[in-house]
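A.B. asks: coords please:
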Amino acid sequence: MALIKEVRGYTPKFGNDCFLAENATIVGNVEMGDGCSVWFGAVLRGDVHFIKIGNNVNIQDNATIHATYQKSPTTIGNNVSIAHNAVVHGCTINDNVLIGMGAVVLDDVVIEENSIIAAGSVVAKGTVVKSGCVYAGTPAKKIKEVDARLLEGEINRIANSYNMYSSWYK
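C.D. replies: Numbering: from 1, shown residues only. Model prediction:
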């Protein structure tokens, strides 16, 4: 069973049909929607501000989700994939977004819907990633637009695959 811990009077809340890996850590003011998965070694630390997560979100192995004390909460929309080793900190991620492996998304960033943050990218504080864009690099910059192939073949495919993968563990 995942480590689920109350902090500062807040206990994490989970929607229906979620998978939490045995060594995932979820603490404090974390609220998660339906059909989500939190994979091995992932940490969601809602100790200094809230973390709100929509439906059909997968937070893959060793990802870290945190916020900034009294300043920047973390809000994640629906149908979002946060890949292995990513760091998501004090930002807003809208619906249908893929955060690539090892990417870092910093405080006060807003990632609009239908967007991709490439693996290894660093999205600098306060950046607004416009809807339907792929950002890559350090600091991350727009490199192209998300077409139907990327939307279906990457964003939706990965989110749907993680629903299937989590069913193997339930």
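A.B. asks: and the gap between the spatially closest residue to Pro12 that is not a sequence neighbour and Thr11?
C.D. replies: Excluding its sequence neighbours, the residue lying closest to Pro12 (C-beta to C-beta, 6 or more residues apart in numbering) is Val30, at 4.1 Å. Using the backbone N, CA and C atoms, a C-beta is placed for each residue, glycine as well. When distances are taken as C-beta to C-beta, to the nearest Å, Val30 and Thr11 turn out to be 9 Å apart.
A.B. asks: which one of the two is surrounded by more residues?
C.D. replies: When Val30 is set against Thr11 and neighbours are counted by other C-beta atoms under 10 Å, the residue ahead is Val30, at 24 against 14.
A.B. asks: spit out the contact partners of that one.
C.D. replies: With contact taken as C-beta atoms under 8 Å, 6 or more residues apart in numbering, Val30 is in contact with 10, 12-13, 44, 46, 50-51, 53.
A.B. asks: now restrict these to buried residues only.
C.D. replies: Neighbour counting with 16 or more other C-beta atoms under 10 Å marks 10, 12, 44, 46, 51, 53 as buried within the contacts of Val30.
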